[in-house]
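Peer 1: Sequence plus the predicted model coming up.
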Amino acid sequence: MTSPIWHPFTQHALFPAMRPVVSAEGAWLLDGDGRQVFDAISSWWVVTHGHCHPRIVQAIRDQAGRLDQVIFAGHTHEPAREFADGLLKMVPAGLSRVFFSDSGSTSVEVALKMALGHFRHLGSPRHRVVVMQGSYHGDTVGTMSAGERGSFTQPYEPLLFGVDRIPFPEPGAEQATLDSLERFARDPTTAALLIEPLVLGAGGMRFYQPAILAEMAAICARHGVLLIADEVMTGWGRTGRFLACDHACVAPDILCLSKGITGGHLPLAVTLCREEIFQSHWSTDRSRTFFHSSSYTANPIACAAACANLQIWREEPVQARIDAVAAEQAEGAIRLEGYPGLTSVRCMGTILAAEIGAGGADYMADTGPALMRFFAERDLLIRPLGRTVYLLPPYCSTGAELRACHDAMIEAADVFG
Ligand SMILES: *Cc1c(COP(=O)(O)O)cnc(C)c1O
């Protein structure tokens with residue numbers, strides 16, 4: 001009997017067979033046929049230290065037997081408090097409040113609502129949102145509105161709200177981005193710039209320089225526009241530092257974190273903000289309440305996993321592991337560079353990306369699924385964005401494992417390049 005399950009981002013007519021996965025450890029998945037598969041994309045960018053990290057698994061076990069779930073309006077619990085306190089020690093100065101939710105998309109929706117609520121309560125006309133072309137912020141209606149429009153969003157276009165878009169800072173054309181931002185920032189109705197710092201993830205693993213991020217932050221600050229950093233993907237070490245913003249010494253007004261927040265073990269997200277955004281909602285007037293929640297907001301088990309993740313960051317050599325993966329990826333990039341069939345080989349921290357074959361990044365290119373199959377046959381979980389092949393591995397990956405991925409990229413370039 002065929003499965004009743006409707007899978008995400010899956011065209012069932014073309015790809016009816018799903019790979020069953022029965023267990024996982026470190027950077028490896030074990031499938032239903034007993035094959036070991038190397039998880040080169042951290043199971044959609046969430047796994048940081050490795051699958052089933054013993055300390056996180058133990059924390060989940062312990063918490064599940066103590067307090068499973070409780071309403072978070074009017075109630076609180078130690079795992080949430082411990083995580084919020086610990087996290088605030090790791091993020092840029094100025095961020096002082098932590099709002100919990102349960103996915104990256106939701107954390108961005110919360111950020112947008114915080115920004116608009118803030119200005120509304122101040123009596124300011126600011127309500128427009130500026131975003132970068134090619135960006136991705138999630139798949140809910142609000143985050144689709146903010147993200148790049150295309151085949152993914154076409155059917156839902158009537159539901160999407162308008163935003164202002166600045167161009168991606170192509171190398172050599174960065175000034176156009178800054179000028180465009182300057183124009184929008186001067187508009188007295190502009191509320192916020194929502195941005196993926198340094199890396200456009202789903203938009204094709206495109207990178208831009210920390211100096212540009214710093215200049216964009218300065219423009220926002222000069223004009224009283226809030227800077228919302230969507231670090232859902234870049235956070236938790238992916239770019240080589242804890243946050244991508246850290247490369248540019250940028251302190252955003254609002255910060256979105258999810259994916260690596262529990263080390264990739266359970267869904268959880270937070271939106272952090274500066275004190276004045278909390279204060280503009282603080283009132284004896286109940287209509288100024290921040291009206292947002294999801295049923296599982298700050299689920300204690302997820303928070304306990306996040307606390308264990310923070311402990312790992314404090315007590316294990318996480319930065320050294322990140323540095324080792326980054327060094328191996330940088331070496332890989334040197335090997336891949338100039339290889340026929342590979343273009344735009346690039347590396348940022350633990351992320352390595354390149355386009356295979358000519359024709360640009362085009363997500364709908366048929367090469368994408370063919371490449372995915374090619375890598376799957378080699379027991380590598382690599383899921384290209386169109387012709388863009390990227391590696392975004394867990395930090396426990398070894399040099400030999402990463403070199404095998406680089407070899408596979410070269411092999412793929414021979415076949416598809
Ligand atoms: C994945 C992602 C999101 C959405 O997160 P979900 O948990 O899938 O909702 C938002 N922003 C960025 C930058 C992402 O990479």
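Peer 2: Arrived safely.
Peer 1: need the residues of the stretch 1-150 of the chain near the ligand, please.
Peer 2: 103-105, 108, 136-138 (C-beta under 6 Å from any ligand atom). Every C-beta, even on glycine, is put in place using the N, C-alpha and C of the backbone.
Peer 1: Which PyMOL command selects the buried ones in these?
Peer 2: Burial among these is assessed by 16 or more other C-beta atoms under 10 Å; the matching PyMOL selection reads:
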select buried, resi 103+104+105+108+136+137+138
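Peer 1: Tell me the one of the residues of the stretch 1-150 of the chain next to the ligand nearest the ligand?
Peer 2: In terms of C-beta to the nearest ligand atom, no member of those lies closer to the ligand than residue 104, at 2.1 Å.
Peer 1: Could I get the contacting residues of the closest one?
Peer 2: 137-138, 230, 232-233, 256, 258-259, 269 (C-beta atoms under 8 Å, 6 or more residues apart in numbering).
Peer 1: Swap in 10 Å and give it another go.
Peer 2: Going by C-beta atoms under 10 Å, 6 or more residues apart in numbering, residue 104 touches 45-46, 136-140, 143, 230-233, 235, 256-259, 261, 267, 269.
Peer 1: Of those, which count as buried by neighbour count?
Peer 2: Buried subset of the contacts of residue 104 (neighbour count, 16+ other C-beta under 10 Å): 45-46, 136-139, 143, 230-233, 235, 256-259, 261, 267, 269.
Peer 1: Can you tell me, leaving aside adjacent residues, what's nearest to residue 62?
Peer 2: Of all residues not flanking residue 62 in the chain, residue 304 sits nearest, at 7.0 Å (C-beta to C-beta, 6 or more residues apart in numbering).
Peer 1: C-alpha coordinates for whichever strand or helix holds the one you found, PDB please?
Peer 2: Secondary structure from DSSP states H and E places residue 304 in helix 300-315. This file holds the C-alpha atoms of helix 300-315, laid out as PDB (Å, rounded to 0.1, in the frame of the first residue of the first chain):
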ATOM      1  CA  PRO A 300      10.000  22.500  28.400                       C
ATOM      2  CA  ILE A 301      11.600  19.400  26.700                       C
ATOM      3  CA  ALA A 302      12.800  21.500  23.700                       C
ATOM      4  CA  CYS A 303      14.100  24.100  26.100                       C
ATOM      5  CA  ALA A 304      16.000  21.400  28.100                       C
ATOM      6  CA  ALA A 305      17.500  20.300  24.800                       C
ATOM      7  CA  ALA A 306      18.500  23.900  24.100                       C
ATOM      8  CA  CYS A 307      20.100  24.200  27.600                       C
ATOM      9  CA  ALA A 308      22.100  21.100  27.000                       C
ATOM     10  CA  ASN A 309      23.200  22.600  23.700                       C
ATOM     11  CA  LEU A 310      24.400  25.800  25.500                       C
ATOM     12  CA  GLN A 311      26.300  23.500  27.900                       C
ATOM     13  CA  ILE A 312      28.000  21.800  25.000                       C
ATOM     14  CA  TRP A 313      29.000  25.300  23.600                       C
ATOM     15  CA  ARG A 314      30.400  26.200  27.000                       C
ATOM     16  CA  GLU A 315      32.100  22.900  27.900                       C
END
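Peer 1: Which positions in that helix come out as buried?
Peer 2: 300-310, 312-313.
Peer 1: same check, this time on stretch 53-61
Peer 2: By 16+ other C-beta under 10 Å, the buried positions in stretch 53-61 come out as 53, 55-56, 59-60.
Peer 1: TSV for those, including pLDDT and distance to residue 166?
Peer 2: Converted to TSV, these look like this (pLDDT from 0 to 100; distance: C-beta to C-beta, whole Å):
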residue	pLDDT	distance to residue 166
53	98	39
55	98	42
56	98	38
59	98	41
60	98	41
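Peer 1: Closest one of the residues you listed to residue 96?
Peer 2: Distance to residue 96 across the buried residues of stretch 53-61 (C-beta to C-beta) is lowest for residue 59, with 25.8 Å.
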